[in-house]
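# Compute the structure for the input listed below.
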Amino acid sequence: MASADDEFRRAVADVAPLARRQHAVRKRPPAPPVPRQRLRDEAAALAESLAGPPRGEDALDWGGEPHYLRAGMPRQTLRRLRRGTWVVEAGLDLHGMNRAQATAAVAGFLQRCAARGQRCVRIVHGKGLGVLRAKLRTWLPRRDEVLAYCQAPAHDGGSGALLVLLKAKR
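This is a model prediction of the structure:
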């Protein structure tokens, strides 16, 4: 009975080594990788911000902290929202979304939260170019379930997020 070593030697007995070739020597290190996705994201954000003439609803409100209080609601409601009287029960992060995606996400999120009876929610829009921040300031007051909103405190996102107070479920 032949050993495995003998069988291997018979199998490779007629094998000849390959001729050595000259290999090119790389003279300089390869170029660093190009962050293509980041470049595409930045180009898309720039194109979106420059698409068409600015409308009044797109103008950024640089003066003071963003806030909204539905007509007929007491000012105390907005003060209580700012102070954290209501616990944040749900959150939505809009990072990486464009206007159309964010519109759908915000609408669905607010409907689900209102249906569950959640009163206080946080929407993170980010601090970047401010496109979604400006859009939220026009979208939220149009929503029937929104009573008030204000800038989130620093521990909840600060100027990159809004706290939104929703109507109580009936």
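
# Near Leu81, how many other residues are there?
22 (other Cβ atoms under 10 Å). No exception for glycine: its C-beta is placed from N, CA and C like everyone else's.

# hang on, it in a helix?
Yes - Leu81 sits within a helix when classified using DSSP: H, G, I helix; E, B strand; the rest coil.

# Please tell me I have it right and it contacts Val146.
No - applying Cβ atoms under 8 Å as the test, Leu81 and Val146 come out as separate, 11.4 Å apart.

# list residues touching both of these two?
Leu165 (Cβ atoms under 8 Å, 6 or more residues apart in numbering).

# Just name the shakiest helix or strand of this structure by mean pLDDT.
Lowest mean confidence among the helices and strands of the chain (mean pLDDT, DSSP states H and E): helix 36-50, at a mean of 75.

# Just the C-alphas of that helix, formatted as CSV.
The C-alpha coordinates for helix 36-50 follow below in CSV (Å, rounded to 0.1, in the frame of the first residue of the first chain):
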residue,chain,number,x,y,z
ARG,A,36,-16.8,59.1,-4.5
GLN,A,37,-20.0,58.7,-2.5
ARG,A,38,-19.2,61.7,-0.4
LEU,A,39,-18.4,63.8,-3.5
ARG,A,40,-21.8,62.6,-5.0
ASP,A,41,-23.6,63.5,-1.8
GLU,A,42,-22.0,67.0,-1.7
ALA,A,43,-22.8,67.6,-5.4
ALA,A,44,-26.4,66.5,-4.9
ALA,A,45,-26.9,68.8,-1.8
LEU,A,46,-25.4,71.7,-3.8
ALA,A,47,-27.6,71.0,-6.8
GLU,A,48,-30.7,70.7,-4.6
SER,A,49,-29.9,74.0,-2.9
LEU,A,50,-29.4,75.8,-6.2
